[in-house]
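Participant: Next input, structure requested:
(chains A, B, C and D)
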2 protein chains.
Amino acid sequence: MDSLLKRINLEIAAIGGKRSRSRAQVIEVFFRTGPHATLEDLTHAVRKRNRSVGYATVYRTMKLLAKLGYAKELDFGDGPKRYESNLESHHDHLVCQECGLVSEFQEPRIESLQEQVAKQHGFLPTMHRLDIYGLCRQCALAGKKEN
Amino acid sequence: MDSLLKRINLEIAAIGGKRSRSRAQVIEVFFRTGPHATLEDLTHAVRKRNRSVGYATVYRTMKLLAKLGYAKELDFGDGPKRYESNLESHHDHLVCQECGLVSEFQEPRIESLQEQVAKQHGFLPTMHRLDIYGLCRQCALAGKKEN
DNA sequence: CTATACTATGATAATGATTTTCAAATTCAC
DNA sequence: GTGAATTTGAAAATCATTATCATAGTATAG
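Facilitator: Alright, predicted model coming up:
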């Protein structure tokens, strides 16, 4: 964690930025918090430690982390954007439309088919997003019982 | 087109709704307009015919079409949501991050892998969204030349 | 250590898009 | 037509995101 923060600070310095306590706190909270947190979630979490951190700082820090490639912005079409660490290997999402649960999966065969499709279209892919919406196991079972 | 409108009106009646001229115009314009139109696009297009149609009516009509399954809401993470007809067979999107071009593709093998993944997770899928972001052929070539 | 020149911050305001409200108009069944 | 309902258009409210600005903090050169 400390070495990660150091690495990020180096990159920030490299693009002409300076360190800051608030930002470091946001970064630490972000990597310690579960995935799919909203800006509001993160702001709340940071403020538990340091009451004086403003929403704008959390916002700017997350934009910065996204720019540097450490965070990914997610948008599942409902409320606000969510953020997740980009340190782990790539994965896609299963989103429950009933309870909001977001789970993750990897499927290399899908990835490679995507590459193929892009190539066929002369398209140079930089990233993709695959979200499957529906009912998670729990909600699917609950739904069945009701009928 | 007329029969489509009739069918939609029947469904609206079935859920206790009434017809309306403005709504019919929105629906017609929507199906005649190219894909990936925003609410603003649609409002403009409708107003060419009928100056008095309000943005709210376009908004409500599109929500209704989405609810009935005739339209799909798209959100590519940039500006406002876009709408496309859901009458054609399912497809996914290639989104150019440079010029904004959105093209479509179908890949049944990806679809079936998605089914498999969902099943493995005990997940009951209702829909999915796969967007590949990157550079379209044109922009990829333009980028190469610059270097 | 201090001065200086910058970046970062927090509060707040501005923006942009979506959604709601409400009185008036329209539709439909009778 | 009449009455009970839905729909409409304009405007306001909401919600999330982004920009602004004066102040505070950080790095660096001397």
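Participant: pLDDT at the closest residue to A:Glu73 other than its chain neighbours, what is it?
Facilitator: For A:Glu73, ignoring the flanking residues on the chain, the nearest one in space by Cβ to Cβ, 6 or more residues apart in numbering or on different chains is A:Lys81 at 5.2 Å. No exception for glycine: its C-beta is placed from N, CA and C like everyone else's. For A:Lys81, the pLDDT comes out at 97.
Participant: Neighbours of A:Pro80, how many?
Facilitator: When neighbours are counted by other Cβ atoms under 10 Å in any protein chain shown, A:Pro80 registers 10.
Participant: nearest residue to it other than its sequence neighbours?
Facilitator: A:Thr38 (4.7 Å).
Participant: that older thread, residues in contact with the residue nearest to A:Glu73?
Facilitator: A:Thr38, A:Leu39, A:Glu73, A:Leu74, A:Asp75 (Cβ atoms under 8 Å, 6 or more residues apart in numbering or on different chains).
Participant: Next step: these restricted to strands.
Facilitator: Taking DSSP state E as the definition of strands, the contacts of A:Lys81 contribute A:Thr38, A:Glu73, A:Leu74.
Participant: among those residues, which ones are buried?
Facilitator: Burial by neighbour count, 16 or more other Cβ atoms under 10 Å in any protein chain shown: within the ones in strands among the contacts of A:Lys81 this picks out A:Leu74.
Participant: picking up where we left off before, dump the contacts of A:Lys81 into JSON lines; add pLDDT as well.
Facilitator: What follows is those, written out as JSON lines (pLDDT from 0 to 100):
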{"residue": "A:Thr38", "pLDDT": "97"}
{"residue": "A:Leu39", "pLDDT": "98"}
{"residue": "A:Glu73", "pLDDT": "96"}
{"residue": "A:Leu74", "pLDDT": "96"}
{"residue": "A:Asp75", "pLDDT": "95"}
